[in-house]
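Novice: Show me the folded form of this:
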Amino acid sequence: MALDTVYLAETPEGIALSLSPAGPVARFWALLIDTLLKIGLWIACITATSFLGGLGRALLYISFFAIEWIYPIAFELAMGGATPGKRALGLQVVMDSGLPVTPAASITRNLLRAADFLPVAYAFGAVSMLLRRDFKRLGDLAAGTIVVHAAPVSLHADLPPGAPVAPARPLSLREQAAIVSWAGRAASLTAERLEELARMARPVTQGRAGQEAAARAGAEGGDTAVLLGVAQWLIGRRDGAAS
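Specialist: Take a look at the predicted model:
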């Protein structure tokens, strides 16, 4: 099985996300870092409570519980879906949709670490990850989460190529900015969502210029092709523009 793969997710807004699932090796190193940090916290707690007698032992047990179970949940919810180990490896826990992990999902995936650990040394979890292209362990399957390589996301990319088209009427600065912003997000939107938004802008593309551009773009381009042409016109391209 290839270790480099892509997981495609679509948000409720119709934005298509390409996520890179984290494989067993990266997740092992993240787990090792977190384990070493936990050991350091355990040693600190033992030292701090060693002089308190029976009360110290009670506080020590509470501390052990918090470090083992609250530690991952708290970091995942407060630090963008990443414990210190995951953050050091550039990993992040997100929902299957690509949205931030929810409290219920974080609690579920971490409580089920007990099942992933069985019968020893996270054997069930390792087998589950190796058998799936998205490298999900049992806790991820139950919670609807996925561990991915976090990477900076650019909301606005270069405009897709297209023949410039003059708008059918004068546009306000706000309308111009909205159209150029829409075109810059074309690569991150699904084709269906892109066309849906383009249809909303028909008052801008209707008229002789829009009709000629639509005919030139072909039926498969639809409103998307025409509005992309308007965006090209707005950024200053005039070569071959319909008028």
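Novice: From the centre of the protein, give me the residue that's furthest out.
Specialist: residue 53 (47.9 Å; CA atoms, centre = their mean).
Novice: Let's see the pLDDT reported for residue 38.
Specialist: The model reports residue 38 with a pLDDT of 95.
Novice: what helix or strand is it on?
Specialist: Assessed by DSSP states H and E, residue 38 sits inside helix 24-49.
Novice: Show me which residues of that helix are buried.
Specialist: 24, 26, 27, 30, 31, 33, 34, 37, 38, 41, 45, 49 (16 or more other CB atoms under 10 Å). Placement of C-beta: from N, CA and C, glycine included.
Novice: which one of these is nearest residue 80?
Specialist: Nearest to residue 80 among the buried residues of helix 24-49, counting by CB to CB, is residue 30 at 14.2 Å.
Novice: The nearest residue to the closest one once chain neighbours are set aside - how many residues pack around it?
Specialist: Once flanking residues are discounted, residue 30 sits nearest to residue 85: 3.9 Å by CB to CB, 6 or more residues apart in numbering. The burial count assigned to residue 85 is 22, neighbours taken as other CB atoms under 10 Å.
Novice: ok, now residue 50?
Specialist: Residue 50, neighbours per other CB under 10 Å, totals 11.
Novice: Let's see the pLDDT reported for the closest residue to it other than its chain neighbours.
Specialist: Nearest residue to residue 50 in three dimensions, chain neighbours excluded: residue 56, at 6.3 Å (CB to CB, 6+ apart). At residue 56, the pLDDT value in this model is 87.
Novice: Next one: residue 107 from residue 145, what distance?
Specialist: 11 Å (CB to CB, to the nearest Å).
Novice: ok, back up a step: any idea how far the residue farthest from the centre of the chain lies from residue 60?
Specialist: 11 Å.
Novice: At which residues are the strands of the protein located?
Specialist: Per DSSP state E, the chain carries strands over the ranges 7-10, 16-19, 91-95, 145-149.
Novice: Save the ones you listed as JSON lines, and put in mean neighbour count and distance to residue 232 too.
Specialist: Converted to JSON lines, those look like this (neighbours: other CB atoms under 10 Å; distance: least, CB to CB, whole Å):
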{"stretch": "strand 7-10", "mean neighbour count": "15", "distance to residue 232": "27"}
{"stretch": "strand 16-19", "mean neighbour count": "17", "distance to residue 232": "22"}
{"stretch": "strand 91-95", "mean neighbour count": "22", "distance to residue 232": "34"}
{"stretch": "strand 145-149", "mean neighbour count": "23", "distance to residue 232": "34"}
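Novice: In a markdown table: the ones you listed, plus distance to residue 227 and mean pLDDT.
Specialist: Putting the strands of the chain into a markdown table (distance: least, CB to CB, whole Å; pLDDT from 0 to 100) gives the following:
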| stretch | distance to residue 227 | mean pLDDT |
| --- | --- | --- |
| strand 7-10 | 21 | 73 |
| strand 16-19 | 18 | 72 |
| strand 91-95 | 31 | 94 |
| strand 145-149 | 32 | 94 |
